[in-house]
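In: Just a sequence and a predicted model for now, questions to come.
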Amino acid sequence: MFADERKSLILQILSRNGNVRITDLSQEFNVSTETIRRDLNELSDEKKLAKVHGGAIALKHPIREDNYVTRVKQNCEAKKRIGEYAAGLICDGEIIFLDYGATTEEIAKSIFNRKNLTVIINSFNIAGILKSKYQNGDFTGKILFIGGNIDCDNNKTRGEIVLNAISRFSADKAFIGATSISEEGIMMWDESDGEYSAVLCKKAARTYIVADSSKFEKDSFYKFLDFSDVNHIITDDENAISDPMKAIFTSSNVELHIVKNGYKVFQKGV
């Protein structure tokens, strides 16, 4: 294994666990403790971790979102699995909020054989996907697009007009994206996006957070939901979720769905 590959894996472990020990990493990678110590020194010089006696701890920085074109390409296979699974939870005759985002786009792409469905959206990308699927006969019903100020960079509407309009509707289910999921709650980089998503959740009977596993146990800029506001979290199995994080979900009555290759690894009710 090359040093750069090993250091990348060290950062992944650090992101997941919050800390690493030199002796554990030495055993994990079958290298000397001096090699691991050198890796940690280099990562510390690069400001990617903080060294402590016997190991290192993560530096807590808010996660910033990349531009939309970049986000669509990140963890795309995991997002596709999550989208396919989430779409399977949509029933005939339901009213659905689909939040703006790459993962919710995958939900839209995976809607098949549904009757009398109402989907409420503010994303031009999702509007195009649903229009095509409607014309192909993948579902019947209607698509409601919430107009307002056009965010040309992200191909959606936003602002007070959108918030006022969406507050007039109610839905059976809301499928919501997130920048990160921390011990504090569900977080978004853009506060205006967070406010819009929070309104969707308040107006839906059940809320589903859809987020790939790279987003867990990290902070971002703006917390828009407490776990008490959430009914379900749907993610993938690419990165392990810690037991303390799972315990928070359990204590908050949040049902965790982990999807692997399009199938349920763990699920407690819908």
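Out: Received it, and whenever you're ready, just let me know what you need.
In: Quick check: Val162 touching Ile150?
Out: No. Judged on C-beta atoms under 8 Å, Val162 makes no contact with Ile150 at a distance of 10.2 Å. From N, CA and C alone the C-beta is placed, and that goes for glycine too.
In: Pick out whichever of these two has more residues nearby.
Out: Per other C-beta atoms under 10 Å, whichever of Val162 and Ile150 has more neighbours is Val162, with 21 against 13.
In: Next up, identify which helix or strand that one is on.
Out: helix 160-166 (DSSP states H and E).
In: And that helix, what's buried?
Out: The neighbour-count check on helix 160-166 (16 or more other C-beta atoms under 10 Å) flags 162-163, 165-166 as buried.
In: Not counting its own residues, what contacts the helix or strand harbouring Ile233?
Out: Secondary structure from DSSP H and E places Ile233 in strand 232-236. Among residues not part of strand 232-236, those counted as contacts by C-beta atoms under 8 Å, 6 or more residues apart in numbering are 75, 78, 81-82, 85-86, 181, 206-213, 216, 241, 249, 254-260, 270.
In: Just give me how far the next helix or strand after that strand sits from the chain centre.
Out: Using DSSP H and E, the next helix or strand after strand 232-236 towards the C-terminus is helix 243-251. Distance of helix 243-251 from its chain centroid, counting by C-alpha atoms, centre = their mean, to the nearest Å, is 17 Å.
In: Name the residues that touch stretch 130-137?
Out: 108-109, 111-112, 119, 121, 139-141, 143.
In: can you tell me the average pLDDT over that stretch?
Out: Averaged across stretch 130-137, pLDDT comes to 97.
In: Backbone dihedrals for the spatially most central residue of the chain, please?
Out: Using C-alpha atoms, centre = their mean, the residue of the chain that lies closest to the mean C-alpha position is Ala211, 1.9 Å off. Backbone torsions of Ala211, given as degrees, to the nearest 10, read phi -150, psi 130.
In: my guess is it meets Ser182, correct?
Out: No. Here Ala211 lies out of contact with Ser182, judged by C-beta under 8 Å, at a distance of 11.5 Å.
In: Can you select the buried ones among the contacts of strand 232-236 for me in ChimeraX?
Out: Buried residues within the contacts of strand 232-236, by 16+ other C-beta under 10 Å, are selected in ChimeraX with:
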select :75,78,81,82,85,86,181,206,207,208,209,210,211,212,213,216,241,249,254,255,256,257,258,259
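In: Nothing else from me, thank you.
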